[in-house]
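[1] My questions are about this predicted structure, shown below with the sequence.
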Amino acid sequence: MAASTDHVEDLVGKEYEHGFVTDIEAETAPPGLSEDVVRFISAKKDEPQWMLDWRLKAYEHWLTMQEPRWAHVHHQAIDYQAISYYSAPKTKDDGPKSLDEVDPKLLETYAKLGIPLEEQKALAGVAVDAVFDSVSVATTFKDKLAQHGIVFCSMSEAIKNHPDLVQRYLGSVVPQGDNFFAALNSAVFSDGSFVYVPAGVRCPMELSTYFRINASKTGQFERTLIIVDEGAYVSYLEGCTAPMRDENQLHAAVVELVALKDAEIKYSTVQNWYPGDEEGRGGIYNFVTKRGDCRGDNSKISWTQVETGSAITWKYPSCILRGDNSVGQFYSVALTNNRQQADTGTKMIHIGKNTSSTIVSKGISAGHGQNAYRGLVKFAKGAENARNYSQCDSLLMGDKCGAHTFPYIEVSNPTAKVEHEASTSKIGEDQLFYCMQRGISEEDAVSMIVNGFCKEVMKELPMEFAVEAQKLLGISLEGAVG
Amino acid sequence: MLEISDLRVSVGGKDILKGINLTVNAGEVHAIMGPNGSGKSTLSHVIAGREGYEVTGGSVLYGGKDLMEMEPEERAREGVFLAFQYPVEIPGVNNVYFLKAAVNAVRKHQGLDELDAIDFMKLVKEKAKAVKMDESLLKRAVNEGFSGGEKKRNEIFQMAVLEPKLAVLDETDSGLDIDALRIVAEGVNSLRNEHRSIMLVTHYQRLLNYIEPDYVHVLADGRIVKSGDRRLAEELEERGYGWVLKREVAA
Ligand SMILES: Nc1ncnc2c1ncn2[C@@H]1O[C@H](COP(=O)(O)OP(=O)(O)OP(=O)(O)O)[C@@H](O)[C@H]1O
Ligand SMILES: [Mg+2]
């Protein structure tokens, strides 16, 4: 500990040279991003030198980059110097004091999802004294996982306890300079999840971040790294159906997946960040980089996502199909209502022989929602007999919303097979009337029709998750018709 | 059961129904015939509460209540059933799941407990058998990819499960083969009792050989121009609509 204190004092001295003093005792970094702030975060987390160097390299890269402008989304310019990049876990003084101060719409949704009062408070950011038993649940799980040699811990813990694995794989799928938001994340990431499944092990349960998030808030720059060794398998669940509020408007997470030979990773997400009020005020900007690397032969990575939250979503879970016979899958439902905007899709990069990929994207737009699918399917020279199947369907509710499809295909190998299907439909008055004529309420009818539309994606979700996600779609669309 | 007085309906400013008077008592079967475009489907839709129609005059009472004041789902829960001329496809929604939602919505409205999965499946199997509905259709999405005849049969199957008080069948016989026609007729006849009313919209006398109507009405240009018993249908089959319409003009 002494050494690190010296190190910190060193830093403080250095920071002064730049005419800027960061109080290392402070719980929050002052707004703005600088090399000092990166050092402050790393010091606060008591990180080894290699980690700091890694962050600094990312920061330097970030300075040379421009915020991307190609996405089909519109928002006010983000002032990166106005954001605070580190804050200690929330104290009671932050956030709303009681549920009375929380958007009543949000509370209504919690009630409909049947979330207990104490948990509602936690989700809405109201300080609570009660301790969740999820901590003990998580501990029980961890013991069981340890028996199989599976590591499931926070990124911070992994940096301390598994530095070899982290050093070897961190940034190996999404390099620091990959894109503007990934660089930002690499420089300042707060925490996240780390999973390692050893060779030949089939993870005996679905791994869920939910337990851990309850225990400690991960904040706005989350970093996740999942490594599945040869012949191993894991199913990972991220997020939860209850809408989560956060004081931080900008979220820029990075998720890296590595599947070695014969390994399989199934990654499921339900994203339901606060979308803002009906005018979109106060909603989260969710700019995520997710990428999986099928590094070994016969490996498989499957992304399933249900995106209903956030004011703006910018997200393209992708697969690099490097190993021969590797398989990439992307199943997505993105729903935008009111003023929400989503630009989401995937990239399937075929490098190995006989690689195959499947893309099923379902976009639902209601209100003034804007929904764009953006996908790239690329066949490299060596990708003999690779194939892709893509299906992009859009469902519109009302006439003020929009759906847009931007499929890109690059073929450098003549043996590649590509199949693309797309459709746009309107939720029909006919369909609604037919349901209602059988006694089904309009709300239930909408929910039923929309869930029918998304069925191919929903069936990819783990059972309990799917049931909740179905409910969520219905709730997110309430009042969207009529 | 159903009392329609001087009902006037327009669509997009165009008058379609121009003063319909029709009383259907419990236990009665009424057949509605008439040329294409005369307003038969419009009348069926207005009874079921479809949006897009403007009621410009008259009234419709159902069990003494003002039907026009009720939401479509409320009408359905109170026992109004419409077998659609063009049944709607709902991709991805399982046929049985759909029907279960419908049955339970109706039961809830009646203050009954929801049927559990086992009891419901028992009911479904029994009714499917009664209307000779292929069980493989039950497992598919609502009407998706069904043939014309299968769609119509699905309507009758739903009717058999829901056991409505007032059933309006809009050309359910069109597009059916002879065997299917007989089955549809059997389905309707088995529902027939002193508490139920049935309105059959049809172009063909043939159906009325199997379902014997108490009354036959001819709807032309938005009005009921002639009513009679089943012999009227036979006469129409023989002579067409010309003579009825001509007499109407002369009168
Ligand atoms: N939405 C609409 N807009 C304009 N006209 C309409 C609309 N709906 C119905 N009509 C018109 O109203 C008239 C009656 O139509 P309706 O469908 O009730 O006839 P029908 O008696 O059922 O005919 P068919 O025997 O062909 O089924 C037709 O002239 C039709 O074109
Ligand atoms: Mg018609």
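    Yes, it's here. Ligands and ions are numbered 1, 2, ... in the order given.
[2] low pLDDT regions in the stretch 1-150 of chain A?
    A:1-28, A:87-97, A:99, A:102-140 (pLDDT under 70).
[3] Tell me the residue of it that sits nearest ligand 1?
    Closest to ligand 1 within the stretch 1-150 of chain A is residue A:72: 34.8 Å, counting by CB to the nearest ligand atom. For every residue, glycine as well, the C-beta is placed using N, CA and C.
[4] Quick check: that residue touching residue A:373?
    No - in this structure residue A:72 lies outside contact range of residue A:373 using CB atoms under 8 Å: 9.6 Å.
[5] what residues are shared contacts of the two?
    A:404, A:406 (CB atoms under 8 Å, 6 or more residues apart in numbering or on different chains).
[6] sorry, back to before: any idea how far ligand 2 is from the residue of the stretch 1-150 of chain A closest to ligand 1?
    Using CB to the ion, to the nearest Å, residue A:72 is found at 43 Å from ligand 2.
[7] That residue should be in a helix, yeah?
    No - read with DSSP: H, G, I helix; E, B strand; the rest coil, residue A:72 is coil and lies in no helix.
[8] Contacts (any at all) between ligand 2 and the helix or strand that contains residue B:46?
    Using DSSP states H and E, residue B:46 sits within helix B:40-48. Yes - taking CB under 5 Å from the ion as the criterion, helix B:40-48 and ligand 2 are in contact, through B:40-41.
[9] Need the contact partners of that helix.
    A:433, A:437, B:2, B:7, B:9, B:11, B:16-17, B:20, B:32, B:34, B:53, B:55, B:60, B:67, B:72, B:75-76, B:80, B:82, B:85, B:166, B:168, B:170-171, B:199, B:201, B:219.
[10] Pull up the pairing partners for the helix or strand just after it, direction included.
    Note on helix B:40-48: by DSSP H and E, the next helix or strand toward the C-terminus is strand B:54-62. Here strand B:54-62 is paired, per DSSP bridges, with strand B:2-11 (antiparallel), strand B:65-66 (antiparallel).
[11] neighbours of residue B:91, just the number please.
    Residue B:91 has 16 neighbours, counted by other CB atoms under 10 Å in any protein chain shown.
[12] wait, doesn't it sit right on residue A:451?
    No - between residue B:91 and residue A:451 there is no contact under CB under 8 Å: 10.8 Å.
[13] Residue B:74: what's it in contact with?
    The contact partners of residue B:74, taken as CB under 8 Å, 6+ apart, are residue B:109.
[14] So it: helix, strand or coil?
    Judged by three-state DSSP, the three-state class of residue B:74 is helix.
[15] Roughly how far does it sit from residue B:166?
    14 Å (CB to CB, to the nearest Å).
[16] Just the element for the single nearest residue of the stretch 301-450 of chain A relative to ligand 2, please.
    Per CB to the ion, residue A:430 is where the stretch 301-450 of chain A lies closest to ligand 2, at 14.3 Å. According to DSSP H and E, residue A:430 maps onto helix A:429-437.
[17] contact partners of that helix?
    A:442, A:444-446, A:448-449, A:481, B:48-52, B:71-73, B:75-76, B:81-82, B:84, B:87-90, B:98, B:102.
[18] does any part of that helix sit near ligand 1?
    No - Helix A:429-437 is not in contact with ligand 1 by CB under 6 Å from any ligand atom; minimum separation 10.5 Å.
[19] Bridge partners for residue B:224, pull those for me.
    The partner residues for residue B:224, given DSSP bridges, come to residue B:219.
[20] cool, and the one 4 residues further on?
    In this entry, residue B:228 is beta-bridged to residue B:216, by DSSP bridges.
[21] how close does residue B:176 sit to residue B:82?
    Noted for residue B:176: a distance of 18 Å to residue B:82, by CB to CB.
[22] check contacts around the closest residue to residue B:221 other than its chain neighbours.
    Closest residue to residue B:221 apart from its sequence neighbours, by CB to CB, 6 or more residues apart in numbering or on different chains: residue B:38 at 6.0 Å. Counting by CB under 8 Å, 6+ apart, residue B:38 touches B:219-222.
[23] rewinding a little: which of the contacts of helix A:429-437 are buried, as a ChimeraX select command?
    A single ChimeraX command suffices to select whichever of the contacts of helix A:429-437 are buried according to 16 or more other CB atoms under 10 Å in any protein chain shown:
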select /A:442,444,445,446,448,449,481 /B:48,49,50,72,73,75,76,81,82,84,87,88,89,90,98,102
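[24] just the strands paired with strand B:54-62: most buried one?
    Highest mean neighbour count among the strands paired with strand B:54-62 (mean count of other CB atoms under 10 Å in any protein chain shown): strand B:2-11, with a mean of 18.
[25] What are the contacting residues of it?
    The contact list for strand B:2-11, computed with CB under 8 Å, 6+ apart, reads B:15-24, B:39, B:42-43, B:46-47, B:52-62, B:67, B:166, B:197, B:199.
[26] And those, which of them are buried?
    B:15-20, B:22, B:24, B:39, B:42-43, B:46-47, B:53, B:58, B:60, B:62, B:67, B:166, B:197, B:199.
[27] Show me the helices in the stretch 151-251 of chain B, by range?
    Ranges of helices in the stretch 151-251 of chain B, per DSSP state H, counting those that start in this stretch, are B:178-191, B:205-210, B:230-239, B:242-250.
[28] any chance of those in TSV, plus mean pLDDT?
    Listed next are these as TSV, based on pLDDT from 0 to 100:
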stretch	mean pLDDT
helix B:178-191	88
helix B:205-210	88
helix B:230-239	86
helix B:242-250	68
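[29] which stretches of the stretch 101-250 of chain B have low pLDDT?
    The low-confidence ranges in the stretch 101-250 of chain B, as defined by pLDDT under 70, are B:247-250.
[30] if you set the cut-off to 90 instead, what comes out?
    For the stretch 101-250 of chain B, the stretches flagged by pLDDT under 90 are B:114-117, B:130-135, B:147-149, B:173-184, B:186-188, B:190-191, B:203-209, B:230-250.
[31] Tell me the residues of it that contact chain A?
    Residues of the stretch 101-250 of chain B found near chain A (CB under 8 Å from any CB of the partner chain) are B:101-102, B:105-106, B:109, B:141, B:158, B:162.
[32] Can you turn the buried part of these into a ChimeraX selection?
    Buried members of these, defined by 16+ other CB under 10 Å, are picked up in ChimeraX with:
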select /B:101,102,105,106,141,158,162
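[33] Closest one of the residues of the stretch 101-250 of chain B next to chain A to ligand 1?
    Nearest to ligand 1 among these, counting by CB to the nearest ligand atom, is residue B:158 at 20.4 Å.
[34] Please tell me how far that closest one sits from residue B:191.
    On the measure of CB to CB, residue B:158 and residue B:191 end up 12 Å apart.
[35] again with residue B:39
    Distance of residue B:39 to residue B:191, given as CB to CB: 25 Å.
[36] Check residue B:74 too.
    21 Å.
[37] Residue A:344 now?
    Distance, residue A:344 to residue B:191, by CB to CB: 50 Å.
[38] cool, and residue A:467?
    Counting by CB to CB - residue A:467 and residue B:191 are separated by 36 Å.
[39] More neighbours: the two, which one.
    residue B:191 (16 against 13).
[40] who's in contact with the more buried one?
    Residue B:191 touches B:159-160, B:163-164, B:167, B:198, counting by CB under 8 Å, 6+ apart.
[41] and those residues near ligand 2, which?
    Within those, nothing lies near ligand 2 by CB under 5 Å from the ion.
[42] which one of the residues you listed has the most neighbours?
    Top of those by neighbour count (other CB under 10 Å): residue B:167, with 26 neighbours.
[43] just to revisit the earlier point, tell me what angle the helix holding residue A:430 forms with helix B:40-48.
    Using axes from the mean of the first three to the mean of the last three CA atoms, to 10 degrees, the inter-axis angle of helix A:429-437 relative to helix B:40-48 is 50 degrees.
[44] Buried residues, helix A:429-437. List them.
    Result for helix A:429-437 [16+ other CB under 10 Å]: buried residues A:431-437.
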